[in-house]
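In: okay, predicted coordinates and the sequence, questions at the end:
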Amino acid sequence: MWKLANGIILAVALTGAAQAQTPAPAPLPPPGEDATTMGLPAEYLPSMPVPQKGQAPTMRVTELNPQKRSFQIIFSRGDEVIQGLVEFANQNKIGIAHFTALGALQSAAVSWFEPVKRIFKTIRLNEPMEVASFIGTITRNPTTGAYIVHIHGSVTIYRNGTVYAGHITEAKTGPTVHVYLDDSAPLAPPPAATPPPN
């Protein structure tokens, strides 16, 4: 019993000593200061930035029709997802759509746009992979009326877990891909105001 009591006292004493040696968390910086002014490494963010007004002067907003259509689109092995979505858009007279997807691919192309050269740098993947993220839109070219499928996403290679992310410019289905899509049309412009009678 005496040994047990001494053991408990020793454990409490060691715990207290450890807590006393634990450094206190760094305080948050005053407004206008960053991590470096507090003596922290530059790659640390001591607090979330506070949004400031006027920082998105070119932002554009379009209210979409609250009445929307929702679809589930299921692709099977060998289907090309992007081409399939273009066919779907033509058959269903899509207005402005956004979608997410999950599933697996047997091949894909991941691309990055180079603005100076105005071309896409592309890596082609020809092995099984899991879709980690898959987010996109379907819109129409204002000149030709053709549907444009624009996808950003990431895929994980089965073999070693390597992740590739960017524009998904080709996507051939492995076992399956499920796409969940919402479509809506822009609100009609308000009628022109009629001049008051004289």
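Out: Yep, that arrived. Numbers count the residues shown, from 1 in each chain.
In: show me where this protein has its strands.
Out: With strands called from DSSP state E, the chain shows them at 69-76, 96-114, 119-125, 129-140, 147-157, 163-184.
In: I'd like the ones you listed as TSV, with distance to Q52, mean neighbour count and mean pLDDT appended.
Out: All C-beta spots, glycine's among them, are computed from the backbone N, C-alpha and C. Below are the strands of the chain laid out as TSV (distance: least, C-beta to C-beta, whole Å; neighbours: other C-beta atoms under 10 Å; pLDDT from 0 to 100):
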stretch	distance to Q52	mean neighbour count	mean pLDDT
strand 69-76	36	14	94
strand 96-114	28	17	95
strand 119-125	34	13	92
strand 129-140	27	18	96
strand 147-157	27	17	97
strand 163-184	29	18	95
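In: out of these, which is closest to Q55?
Out: Closest of those to Q55 is strand 147-157, at 22.8 Å (criterion: C-beta to C-beta).
In: hang on, the earlier thing: to M48, which of the strands of the chain lies closest?
Out: strand 129-140 (22.8 Å).
In: list the helices and strands that closest one packs on?
Out: helix 81-92, strand 96-114, strand 147-157, strand 163-184 (3 or more C-beta pairs under 8 Å, 6 or more residues apart in numbering; DSSP states H and E).
In: and the last one with strand 69-76, angle?
Out: Spelled out, it's strand 163-184. Computed with axes from the mean of the first three to the mean of the last three C-alpha atoms, to 10 degrees, the direction of strand 163-184 lies at 140 degrees from that of strand 69-76.
In: name the helices or strands packed onto strand 163-184?
Out: strand 69-76, helix 81-92, strand 96-114, strand 119-125, strand 129-140, strand 147-157.
In: only C-alpha atoms, please: export the shortest one in PDB.
Out: Put plainly, it is strand 119-125. Only the C-alpha atoms of strand 119-125 are listed here, as PDB (Å, rounded to 0.1, in the frame of the first residue of the first chain):
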ATOM      1  CA  ILE A 119      -1.900  26.000 -74.300                       C
ATOM      2  CA  PHE A 120      -2.500  23.200 -71.800                       C
ATOM      3  CA  LYS A 121       0.500  21.200 -70.400                       C
ATOM      4  CA  THR A 122      -0.900  17.700 -70.000                       C
ATOM      5  CA  ILE A 123       0.000  14.500 -68.100                       C
ATOM      6  CA  ARG A 124      -1.700  11.300 -69.400                       C
ATOM      7  CA  LEU A 125      -2.400   8.600 -66.900                       C
END
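In: partners of it in the sheet?
Out: Sheet pairing for strand 119-125, assigned by DSSP bridges, gives strand 96-114 (antiparallel).
In: picking that back up, turn the strands of the chain into TSV, including distance to K53.
Out: Output for the strands of the chain, formatted as TSV (distance: least, C-beta to C-beta, whole Å):
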stretch	distance to K53
strand 69-76	35
strand 96-114	27
strand 119-125	36
strand 129-140	28
strand 147-157	28
strand 163-184	29
